[in-house]
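> model the structure of this input:
(one chain, ligands or ions: 1)
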Amino acid sequence: MSSSTPAKPAKPATAASAEAAKAKAATARKEPKAESHLAMVRRARRINRELAEVYPYAHPELDFRNPFELLVATVLSAQTTDLRVNQTTPTLFAAYPTPEDMAAAVPEEMEEIIRPTGFFRAKTKSLLGLSAALRDEFGGEVPGRLEDLVKLPGVGRKTANVVLGNAFGVPGITVDTHFGRLVRRWKWTDEEDPVKVEAVVAGIFPKSEWTMLSHRVVFHGRRICHARKPACGACPIAPLCPSYGEGETDPEKARKLLKYEMGGYPGQRLSPPADYPGKPAPALGAG
Ligand code: SF4
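Numbering: from 1, shown residues only. Alright, predicted model coming up:
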């Protein structure tokens, strides 16, 4: 005769244990499981798709007509707004349309022209060195390779990527202050170093998306997801954002924080692309 051990009877639920179980479940609900890398990548790609719908017209916000103008405008954009650069470059390019002309400029005259962009002495020095290098080493043309661009005076990786992506069609990720802030809010990475951020983001998206992704993220940072007061209550990607609530969540108040075309104001370019739905920016001193 086989004798099987009788199963231990389940402990009768006491009021205390039921309470403990309830508390445990509540804690589990409050602490969502850490997101897997795959889930983060999927969410990141969804954010990019949503942003593409919100900003189908995303573009570089510097006015330029050729690679030289874009390079110069990008150098000038350090520590100032694209708007201020765009208001300054028409006079600058009228005076010095080519690298040869710019390399031969009288420094004090150039300083006067670019004074509104700030740091005008250092920037003049960079532009003189830059245009002389283009004239002497690259036959007066802007080179289309990263390794050549970063050797030019005043040109770092960020500037080089802007020029490559927008004047040469070479995919590039531009990590500026907006891009870094937003990807950290979205928990794509915790990295602070722009080169590391660039590497992480490059691993999430195919190359073909890099340039437009950069524009969309920067557009979002400038219009909705501001540094100090993000307009969370008016943010179309709020359901995908782990930092929702960092800014204003009241829809009415949030809407008042929107900038440029999103808030009904002029944009930063004096000559925006034809599909830009906002108003062009005013010339210097006009508003
Ligand atoms: S929800 Fe808030 S923090 Fe998140 S992207 Fe939108 S504005 Fe930025």
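
> residues of this structure that sit close to the ligand?
Residues of the chain that fall close to the ligand, judged by C-beta under 6 Å from any ligand atom: 185, 224-225, 230-232, 235, 237-238, 241, 243-244, 246-247. Quick note: C-beta positions are derived from backbone N, CA and C, even for glycine.

> let's go with 5 Å and repeat that
With the criterion set to C-beta under 5 Å from any ligand atom, the chain comes near the ligand through 185, 225, 230, 232, 235, 238, 241, 243, 244, 246.

> correct me if wrong: the last one contacts residue 233.
Spelled out, that is residue 246. No: counting by C-beta atoms under 8 Å, residue 246 stays clear of residue 233, with 11.5 Å between them.

> of the residues of the chain next to the ligand, which is the most crowded?
The most crowded member of the residues of the chain next to the ligand, judged by other C-beta atoms under 10 Å, is residue 230 (27 neighbours).

> distance check, that residue against residue 172.
Residue 230 is 26 Å from residue 172, where distance means C-beta to C-beta, to the nearest Å.

> neighbours around residue 266, how many?
16.

> correction: residue 108
Residue 108 has 9 nearby residues by other C-beta under 10 Å.

> now residue 106
With other C-beta under 10 Å as criterion, residue 106 counts 9.

> hey, where'd the helices end up in the chain?
Counting by DSSP state H, the chain has helices at residues 15-30, 37-54, 67-76, 82-95, 99-103, 107-114, 120-137, 146-149, 157-167, 177-185, 194-204, 210-223, 251-255, 260-263.

> with only the CA atoms kept, save the last one in PDB.
Same thing as helix 260-263. Taking Å, rounded to 0.1, in the frame of the first residue of the first chain, the C-alpha atoms of helix 260-263 are listed here in PDB:
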ATOM      1  CA  TYR A 260       7.600  79.600 -33.300                       C
ATOM      2  CA  GLU A 261       5.000  78.300 -35.800                       C
ATOM      3  CA  MET A 262       3.500  76.100 -33.000                       C
ATOM      4  CA  GLY A 263       2.600  79.200 -31.000                       C
END
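
> other SSEs contacting it?
Judged by 3 or more C-beta pairs under 8 Å, 6 or more residues apart in numbering; DSSP states H and E, helix 260-263 is in contact with helix 210-223.

> report pLDDT for the closest residue to residue 248 other than its chain neighbours.
Among residues not flanking residue 248 along the chain, residue 254 sits closest, at 4.5 Å (C-beta to C-beta, 6 or more residues apart in numbering). Per-residue confidence (pLDDT) for residue 254: 98.

> pretty sure residue 254 is touching residue 238, no?
No: distance between residue 254 and residue 238: 9.7 Å, which falls outside the contact criterion (C-beta under 8 Å).

> now do the shared contacts for the two.
Counting by C-beta atoms under 8 Å, 6 or more residues apart in numbering, the contacts common to residue 254 and residue 238 are residue 232.

> tell me the pLDDT at the closest residue to residue 227 other than its chain neighbours?
The shortest distance from residue 227 to any non-neighbouring residue, by C-beta to C-beta, 6+ apart, is to residue 181 (6.1 Å). For residue 181, the model assigns a pLDDT of 98.

> so what's residue 181 up against?
Residue 181 sits next to 221, 225, 227 when contact means C-beta under 8 Å, 6+ apart.

> what of residue 52?
Applying C-beta under 8 Å, 6+ apart, the residues contacting residue 52 are 58, 212, 216.

> okay, those residues in TSV with pLDDT next?
Output for the contacts of residue 52, formatted as TSV (pLDDT from 0 to 100):
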residue	pLDDT
58	97
212	97
216	98
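
> can you redo these as JSON lines with neighbour count?
Below are the contacts of residue 52 laid out as JSON lines (neighbours: other C-beta atoms under 10 Å):
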{"residue": "58", "neighbour count": "21"}
{"residue": "212", "neighbour count": "19"}
{"residue": "216", "neighbour count": "24"}
